[in-house]
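A.B. asks: Pasting a predicted model and its sequence here:
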Amino acid sequence: MEESRDLAIGLDLGGTKIHAALITRDGEILGEFTCQTSTNESDTSANIIYAVNRVLSETAVDRNRIKGIGVATAGVIDTERNIIKFANNLGLENFPIGAILEENFQLPVRLANDANAAAIGEWMWGAGKGKQNVIYITVSTGIGSGIISNGNLITGLKDSAGEFGHISIYHDGIVCECGNRGCLEKYASGTAINIRANELLKNGETSSLLSIVNNGAVVMNTDIATAAREGDPFSLRLLEEAGEHLGTGVISLIHLFNTEVIVFGGGVMNMSEFILPSIKKTVLKYGMENLVNEVEIKKSVLGIHAGVIGASSLFFLNETNKEASSMLQRTNI
Ligand SMILES: [Zn+2]
């Protein structure tokens, strides 16, 4: 009976989009649906049920083939009670996502935070496939990570491990909301790149982007990407600097975990052609030679599908990796 259950639903509850997909045990997407997120509980509830129903009706598979619903979500989660304790940008507090989905679909639910789910996805079916030491780093409005070490997802005491954006790279640097100073996120996230670009341009830096600021508008990161592609030295330097900061943080990860593959995802990686070379250069220049020489630094292969694929994979880990499965069962993900 269990053997015939070869599918799982992946649900990715992100800051801007809800993404649901029906996925095979081999990581293949059979059908998917995306809608906008809302910022209140009842709409979120309705949206996730609608998204899963759409995927189920469009794929029209035998329900007995589905093992469960894996959820990748932003915010702070409790995997024992299957609730989202807190997700600021979704307006959720103590949101019983597990109970809601179980009640509506009569399927078991497993929960993971979004960076951890993406890490599992890339590890099983993406840029880290076949490796046992993989770190996934997402660079978007903030910076987060999921760490697979010797085939185990590192979750920590309360599923809060991997806050890579909040390691300090300058002890007396910019004050961060987390209470620390000089957090990486303040220098290399999409938000940080954008703030720095606009500040420098207001102070009269020479750039093809200057006309935007002079017209009273704000430069967006898509403008920076376009300018960089057209060879604007200011934009190229800005992205190179972000790569240097990320590289500084990545060196610490490699030294701590003796990593084989570092995978970068998130919206800022739309500019990866400018940022990744700078990360690699920094890592090779300042890292411990015997550790950094072995590491592959790559862009995500699964892209926007990393979350749903990783979330659905929570139901199939035992088939490909026994150690990770036993660990996940212990933490009741
Ligand atoms: Zn911080």
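C.D. replies: That came through, no problem. No experiment lies behind these values; they were computed from the predicted model shown.

A.B. asks: Quick check: buried residues in the longest helix along the chain?
C.D. replies: What stands out as the longest helix in the chain, according to DSSP state H, is helix 233-257. Judged by neighbour count using 16 or more other Cβ atoms under 10 Å, the buried positions of helix 233-257 are 234-251, 253-254, 257. Using the backbone N, CA and C atoms, a C-beta is placed for each residue, glycine as well.

A.B. asks: can you give me the helices for the protein?
C.D. replies: Assigned by DSSP H, the helices in the chain fall at 41-59, 97-105, 114-125, 185-188, 190-202, 210-214, 221-229, 233-257, 272-286, 289-292, 306-313, 317-320, 322-330.

A.B. asks: mean pLDDT for the ones you listed: which is lowest?
C.D. replies: When those are compared by mean pLDDT, helix 322-330 comes last with a mean of 48.

A.B. asks: quick one: contacts for the residue most central in space within the chain?
C.D. replies: Closest to where the C-alpha atoms of the chain average out (Cα atoms, centre = their mean) is Ala115, at 3.7 Å. By Cβ atoms under 8 Å, 6 or more residues apart in numbering, the contact set of Ala115 is Tyr136, Thr138, Gly144, Ser145, Gly146, Gly162.

A.B. asks: Can you name the residues bridging to the fifth one?
C.D. replies: This means Gly146. Tyr136 (DSSP bridges).

A.B. asks: circling back to that earlier point, what angle separates the longest helix of the chain from helix 272-286?
C.D. replies: 50 degrees (axes from the mean of the first three to the mean of the last three Cα atoms, to 10 degrees).

A.B. asks: Show me what helix 233-257 is packed up against.
C.D. replies: Here helix 233-257 touches strand 134-139, strand 143-149, helix 185-188, helix 190-202, helix 221-229, strand 261-265, helix 272-286, helix 289-292, going by 3 or more Cβ pairs under 8 Å, 6 or more residues apart in numbering; DSSP states H and E.

A.B. asks: and the angle from it to strand 134-139?
C.D. replies: Put simply, helix 233-257 runs at 150 degrees to strand 134-139, going by the same axes, to 10 degrees.

A.B. asks: so does helix 233-257 get close to the ion?
C.D. replies: No. Helix 233-257 is not in contact with the ion by Cβ under 5 Å from the ion; minimum separation 12.0 Å.

A.B. asks: could you check the angle helix 190-202 makes with that helix?
C.D. replies: Angle, helix 233-257 to helix 190-202, by the same axes, to 10 degrees: 150 degrees.

A.B. asks: which parts of the stretch 51-200 of the chain sit against the ion?
C.D. replies: Counting by Cβ under 5 Å from the ion, the stretch 51-200 of the chain comes close to the ion at His166, Cys176, Cys178, Asn180, Cys183.

A.B. asks: now for the helices of the chain, which one comes closest to Gly266?
C.D. replies: Set against Gly266 and scored by Cβ to Cβ, the helices of the chain come closest in helix 190-202, at 7.6 Å.

A.B. asks: most surrounded residue in the contacts of Ala115?
C.D. replies: Among the contacts of Ala115, Tyr136 has the most neighbours (other Cβ atoms under 10 Å), with 33 neighbours.

A.B. asks: is it true that Pro277 touches Ala242?
C.D. replies: No. If you go by Cβ atoms under 8 Å, Pro277 and Ala242 don't touch, sitting 11.9 Å apart.

A.B. asks: mind listing what the residue nearest to Met269 when sequence neighbours are not counted touches?
C.D. replies: Leaving aside its sequence neighbours, Met269 sits nearest to Lys299 (Cβ to Cβ, 6 or more residues apart in numbering; 5.7 Å). By Cβ under 8 Å, 6+ apart, Lys299 lies in contact with Ala127, Val263, Phe264, Gly265, Met269, Ser272, Leu276.
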